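> fold the stuff below for me.
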Amino acid sequence: MRIALVGYGKMGHMIAKACEARGHEVSCTVDLFAQDATCVTSDHAVMVGAVRESGAEAVIEFSHPASALENIRALVPTGIPLVVGTTGWKDSLPEVAQLVALNKTRLLHAANFSVGVNLFYRIVAEAARLVAEFDEYDTAVFESHHNQKVDSPSGTALDIAQRILANMPSKTRVVSDPFDRKPERDELHVASVRVGSVPGTHTVWFDSPADTIELTHTVRTREGLAAGAVRAAEWLASDARGAASGVFTMQDVFDSL
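All right, here's what the predicted structure looks like:
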């Protein structure tokens, strides 16, 4: 399969290696600054032209939160299946879903493409469902990442939080700001740290007066994220999707296994 990459920073380079390792061809690479990209541009028309001319059968977008939404708006009308790994645009998901439906195409988005993280999501959801039966337990989420990460909390932490909210009726809202007061019982605190070169660690605490249960996922390298993004592109562009259009997530990929 021919795959175009929009965003050719560290993650884009890893995705390119993952594409080649899985037997795919990187048809073009687009970036604002990377001089080794095949197309260096800030012009969306030029970007779209490069993607179309490359014969791409799928596009993987890993750029920057400030660029993602405009990239999506430009790429969806091409009709080429689009995988989006950039976070920070989820508030515009209804608009994106409408654009995808209008163009009868397919888009898959995820805050994290790691197989381990997606297994972790399911483990957390089941743990939250079980713990919800016991009123003495409170819960919180903590995440740490490298000091080059531009968003906080991480999209993965917010996805974890949503799975807790869906399974613990006692928690109804997420708070990611520091507390200068006692938290309300229904508030789920999501705390963040940015330091050094940490690839990414997410911990969920279930705490009672008697004990603490901790669930942690720790990224060892980012290669797993890259490989997962390529797997997502394979799934999205596969014949099994047929003519089905719509917005998908990694949960859809896992549900199809």
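> give me the domain ranges for the chain.
Structural domains assigned to the chain are 2-113+222-255, 115-218, following automatic domain parsing.
> dump those domains to TSV, plus mean pLDDT and mean neighbour count.
The C-beta positions use only the backbone N, C-alpha and C, and glycine is treated the same way. TSV is the format used below for the domains of the chain (pLDDT from 0 to 100; neighbours: other C-beta atoms under 10 Å):
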stretch	mean pLDDT	mean neighbour count
domain 2-113+222-255	94	19
domain 115-218	96	16
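> between the two ends of stretch 56-67, how far is it?
Terminal residues of stretch 56-67 lie 21 Å apart, using C-alpha to C-alpha, to the nearest Å.
> with just CA atoms, put stretch 34-41 into PDB.
Coordinates of the C-alpha atoms in stretch 34-41 are reproduced here as PDB (Å, rounded to 0.1, in the frame of the first residue of the first chain):
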ATOM      1  CA  ALA A  34      11.500  19.200   7.900                       C
ATOM      2  CA  GLN A  35      14.000  19.600   5.100                       C
ATOM      3  CA  ASP A  36      14.100  15.900   4.300                       C
ATOM      4  CA  ALA A  37      10.400  15.900   3.700                       C
ATOM      5  CA  THR A  38       9.400  15.400   0.000                       C
ATOM      6  CA  CYS A  39       7.100  18.400   0.300                       C
ATOM      7  CA  VAL A  40       7.900  21.300   2.600                       C
ATOM      8  CA  THR A  41       5.000  23.700   2.700                       C
END
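> tell me where the stretch 51-200 of the chain has helices.
Using DSSP state H, counting those that start in this stretch, the helices of the stretch 51-200 of the chain run over residues 65-75, 93-102, 115-131, 155-167.
> which among the ones you listed is found nearest to Val219?
Across those, the minimum distance to Val219, taken as C-beta to C-beta, is reached by helix 115-131, at 7.9 Å.
> what lies in contact with that closest one?
By C-beta atoms under 8 Å, 6 or more residues apart in numbering, the residues outside helix 115-131 that reach it are 110, 112, 137, 139, 156, 159-160, 163-164, 166-168, 202, 204, 206, 213, 215, 217, 219, 224, 228, 250-251, 253-254.
> likewise for stretch 28-37?
Stretch 28-37 is contacted by residues 4-9, 12, 16, 38-42, 47, 50-51, 53-54, 56, 63-64, 67 when judged by C-beta under 8 Å, 6+ apart.
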